[in-house]
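*Asks:* Let me see the structure of the following:
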Amino acid sequence: MSAIGELQRLNTSTGGPPRKRDTKAALLFLLPWFAGILLITAGPVAASFVLGFTDYNLIQPPEFNGLENIQRMLTDERLHHSLGVTFTYVFVSVPLQLAAALGLAMLLDRGMRGLPFYRSAFYLPSLLGSSVAIAVLWRQIFGAEGLINQMLGFFGIEGTGWISDPDTALSTLIVLNVWTFGAPMVIFLAGLRQIPVMYYEAAQIDGAGRWTQFRRITVPLLSPIIFFNLVLQIIHAFQSFTQAFVVSGGTGGPSDSTMFYTLYLYQRGFHSFDMGYASALAWLLLLIIAAFTAVNFWAAKRWVFYDD
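*Replies:* Numbers count the residues shown, from 1 in each chain. Got it, this is the predicted structure:
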């Protein structure tokens, strides 16, 4: 009875049972996170949805205009052009980036000396690829007097303004995105380390070559990692902005050849102060990314192998 009385006295003096006190403490520590979600994420998202149905120039109060912004999208030729540029960028750069990442991961998986150094060196571009400094460096490399043309001139070949030429401007940004293969490479390398060696040994005994082993063992067992990287890199490619903004000087490049969707959205919102239309464009981008992600998850049932 004395132990029970002591416990009751302790609960009374400390404000309740231990579990209830822990819950209050947890909610108190989570309060800044909930406030951030509401004020920084959920609030602006809801506000942008409402502004998507208004005419708002950041100065005067927004005026409701119904579906006018959606109707403008259907006839906005520059918007359609930016979608074409963005789709080309995504469909070309993402497969090339994943192929380069997987190929290099398989090379590093053989256990060469200095693996931590090479892994860090190849991962570094992924950390810097979206930075302004790398975009400026890329502009210097592919400029009319840049490093590429200097190397071509050494062999007597006259270069061109890779960034100022509409036929090659987008290709330079695609190369930049492919160059930042470090993040998916590290993930591929971790996945390759999880594939049991006995599968390859059994395949060698049966006379399977390297290509057969890659196609029949590596790809099926690595398919969840491929799917994961594919979804992430598609989302990242659709959201690319810094590279196009810095390399093109914020103009979209020659003949709008590097007018990414995000860059056009930025121009509508902060150059033309057409924030209502820009908000509608932002939601269209969200729907496009959601649609591509949904298609990937639907198609994954047919080619992704999970070893249960």
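
*Asks:* Test my guess that P254 contacts D167.
*Replies:* No: applying C-beta atoms under 8 Å as the test, P254 and D167 come out as separate, 9.1 Å apart. Just so you know, the C-beta spots here come from the backbone N, C-alpha and C atoms, and that holds for glycine as well.

*Asks:* between the two, which one's more packed in?
*Replies:* Between P254 and D167, P254 has the larger neighbour count (other C-beta atoms under 10 Å), namely 16 against 11.

*Asks:* Now do the more buried one against P166, distance only.
*Replies:* 5 Å (C-beta to C-beta, to the nearest Å).

*Asks:* separation between L281 and L287?
*Replies:* Distance from L281 to L287, by C-beta to C-beta: 11 Å.

*Asks:* Need the phi and psi values for G66.
*Replies:* phi 70, psi -130 (degrees, to the nearest 10).

*Asks:* Model confidence score at the residue nearest to it when sequence neighbours are not counted, please.
*Replies:* Excluding the flanking residues, the one nearest G66 by C-beta to C-beta, 6 or more residues apart in numbering is F53, at 6.4 Å. F53 is assigned a predicted lDDT (pLDDT) of 94.

*Asks:* wait, isn't F53 in contact with N69?
*Replies:* Yes: at 6.8 Å, F53 counts as touching N69 under the criterion of C-beta under 8 Å.

*Asks:* Look through this protein and tell me its longest helix.
*Replies:* helix 77-108 (DSSP state H).

*Asks:* can you give me the mean pLDDT across the helix or strand following it?
*Replies:* For helix 77-108, the following helix or strand on the C-terminal side (DSSP states H and E) is helix 115-128. Over the span of helix 115-128, the pLDDT mean works out to 71.

*Asks:* got it, and stretch 255-275?
*Replies:* Rounded mean pLDDT across stretch 255-275 is 92.

*Asks:* How far does that stretch sit from its chain's centre?
*Replies:* Centroid separation for stretch 255-275 versus its chain: 19 Å, with C-alpha atoms, centre = their mean, to the nearest Å.

*Asks:* measure that stretch end to end?
*Replies:* 24 Å (C-alpha to C-alpha, to the nearest Å).

*Asks:* Over to stretch 196-212?
*Replies:* So stretch 196-212: terminal residues 16 Å apart, C-alpha to C-alpha.

*Asks:* Would you indicate which residues of it are buried?
*Replies:* For stretch 196-212, the neighbour count (16 or more other C-beta atoms under 10 Å) marks Y200, A203, A208 as buried.

*Asks:* Find the nearest non-adjacent residue to the first one, please.
*Replies:* Take Y200 and drop its neighbours on the chain: the residue closest to it by C-beta to C-beta, 6+ apart is Q213, 5.8 Å away.

*Asks:* before we move on, what about D256?
*Replies:* H81 (5.7 Å).

*Asks:* Quick check, the one you found in contact with T258.
*Replies:* No: using C-beta under 8 Å as the test, H81 is too far from T258 to be in contact (11.1 Å).

*Asks:* Could you list the low-confidence segments of the chain?
*Replies:* 1-18, 111-112, 114, 126-131, 307-308 (pLDDT under 70).

*Asks:* one step back: buried residues of the longest helix of the chain, list them for me.
*Replies:* Here helix 77-108 shows 79, 81-83, 85-86, 89-90, 92-94, 97-98, 100-102, 104-106, 108 as buried, counting by 16+ other C-beta under 10 Å.

*Asks:* would CSV of the buried residues of stretch 196-212 with distance to A299 and secondary structure be doable?
*Replies:* Shown next, in CSV, are those (distance: C-beta to C-beta, whole Å; DSSP: H, G, I helix; E, B strand; the rest coil):
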residue, distance to A299, secondary structure
Y200, 28, helix
A203, 27, helix
A208, 27, coil
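
*Asks:* if we can go back for a sec, tell me, what's touching F53 and N69 both at once?
*Replies:* G276, A280 (C-beta atoms under 8 Å, 6 or more residues apart in numbering).

*Asks:* all strands for this protein, in order.
*Replies:* 54-55, 63-64 (DSSP state E).

*Asks:* Quick check: which of the ones you listed is buried the most?
*Replies:* strand 54-55 (a mean of 18; mean count of other C-beta atoms under 10 Å).

*Asks:* Run through the neighbouring helices and strands of that strand.
*Replies:* strand 63-64, helix 275-303 (3 or more C-beta pairs under 8 Å, 6 or more residues apart in numbering; DSSP states H and E).

*Asks:* So in that sheet, which strands flank the shortest one, and in what orientation?
*Replies:* Translated: strand 63-64. strand 54-55 (antiparallel) (DSSP bridges).

*Asks:* Which segments of this structure make up each domain?
*Replies:* Under automatic domain parsing, the residue ranges defining each domain of the chain are 2-51, 69-303.
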